[in-house]
Structure formats: C-alpha cells, structure tokens
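Trainee: below is the structure, and that's it, no one-letter string:
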C-alpha cells in the first residue's frame, strides 16, 4: 500500500509546527533584548527567591501581615507545590492540593473547601500572583537586596506593585510590600527554611477533631 497521499499533509503540519516554534523563540529573544542588565539580574534573583519558597522541595516561614491596620495576623506557613499548611491566631489549615480543611479553634468548626477555592479566604483572590505580569528592578538597601516589581500595562492581575527584600547572599525572602489598587500590605518574614518538607504534613488529621462541627463548602 502506498502512503504517498499522507506525506504532503504531514509535511505541511511539521512546517507549521516549526514555524510556530521559530515565532515563539524569536518573540522570547526580542523580550530578552529589550530588558536592561538590571532587569535581567532582578528577574534572575527573583526566580531564585521564588523557587526557594514555592519549589518542589517545599519551604516554611513565619509571617506577620498588616493590611494598613485593617487586618493583622501572624502565624507559620508551610508550602510544597500546590500544597499548604498554616497556623495563625484563629485557624489551623491543611490543604493537600485537592481539599482544604480550615479548623477554627474558638468555634470548634472545620470548614471543608475545594483546594483552589477563593471562598476559603476573602483575601486570597486579591493576592493572586503571576510573575510575567511585571517588570523587574533591583537595588541595594542596607543589608538586603530590594526587588521592585511593577505591573505591566496589559496585565490582568490585581497586584499593582511588589517590593521584595531578600538576603544579599542566599536570596531568602525577608520582607514584602504588596500594592493592590491603592492599598499596601506589609508582610514581615522570619524563620525561613527551604527544603525538608514531607507530604504527610499536609494531610488533615481528622482523628484529632472528633466532636467538632464539619461544614462542607465545596
């Protein structure tokens, strides 16, 4: 049997894919050419800092959040990929990447949410971050490096500006200021550790909450 009739369309598809790849690569190179050395260095260091927190190895840190005095909280959080666990003044939360359990200690109530639902936290939807939404700049400030991220004109996210202070040697995060609309949120970070986070940390220990009220909000 002859397959000659298949060759022409296959060749056309391959040419189209190669052309698409060339366009994508050319676009990426043009973007890199437009960046100044400062912007390139800032993005490189930001990527290192970001991956220390959100990389596959996981991380933990203590945080102190202040949203212009309207809302304040402090606690400890653990990350690993799309999994999270945090403990603050009111609630313990386990998020295994599929389901989030929020145990409110005073009310002895556990809320159950889909892992990626914004309903579990009224502030979470306001702080969704996409690294490509920003331009980057780096400068030295006292004993830290200051990374300044400003939202690009056509970006769709709600975060307008980020100021991130990182350690000069390790690039570990030390402090954040995040601007949403006209409101600045300050996050002070301490006790930061990258790595050594196991998956069992994010599993909800149901046996410890016998007798508590469960509210399913999925």
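Mentor: Structure received. Because the structure is predicted, anything quoted here is derived from the model rather than measured. Numbering: from 1, shown residues only.
Trainee: and the helix or strand containing residue 73, average pLDDT?
Mentor: Following DSSP states H and E, one finds residue 73 within strand 71-80. Averaged over strand 71-80, pLDDT sits at 90.
Trainee: buried stuff in the helix or strand just after that strand?
Mentor: Counting by DSSP H and E, the element after strand 71-80 in chain order, helix or strand, is strand 83-88. Buried residues in strand 83-88, counted by 16 or more other Cβ atoms under 10 Å: 83-87. Heads up, the C-betas are built off the backbone N, CA and C, glycines and all.
Trainee: over to stretch 168-183?
Mentor: Residues 171-180 are the ones in stretch 168-183 that count as buried (16+ other Cβ under 10 Å).
Trainee: looking at the residues you listed, which is nearest residue 190?
Mentor: Closest to residue 190 out of those is residue 174 (8.2 Å), distances taken as Cβ to Cβ.
Trainee: next up, the contacts around that closest one.
Mentor: Residues in contact with residue 174 (Cβ atoms under 8 Å, 6 or more residues apart in numbering) are 144, 165-167, 188-189, 192.
Trainee: residue 91 too?
Mentor: Residues near residue 91 by Cβ under 8 Å, 6+ apart: 102-105.
Trainee: any of those buried? List them.
Mentor: Burial by neighbour count, 16+ other Cβ under 10 Å: within the contacts of residue 91 this picks out 102-104.
Trainee: how far out from the middle of the chain is the biggest strand by length in the chain?
Mentor: Determined from DSSP state E, the single longest strand within the chain is strand 183-194. The chain centroid and the centroid of strand 183-194 are separated by 13 Å, computed with Cα atoms, centre = their mean, to the nearest Å.
Trainee: list the strands paired with it, with their directions.
Mentor: Applying DSSP bridges, strand 183-194 is found paired with strand 59-67 (antiparallel), strand 173-180 (antiparallel).
Trainee: what about the residue lying closest to residue 47 once chain neighbours are set aside, how many residues close to it?
Mentor: Distances taken as Cβ to Cβ, 6 or more residues apart in numbering place residue 131 nearest to residue 47, at 7.7 Å, with adjacent residues excluded. A count of neighbours around residue 131, defined by other Cβ atoms under 10 Å, yields 12.
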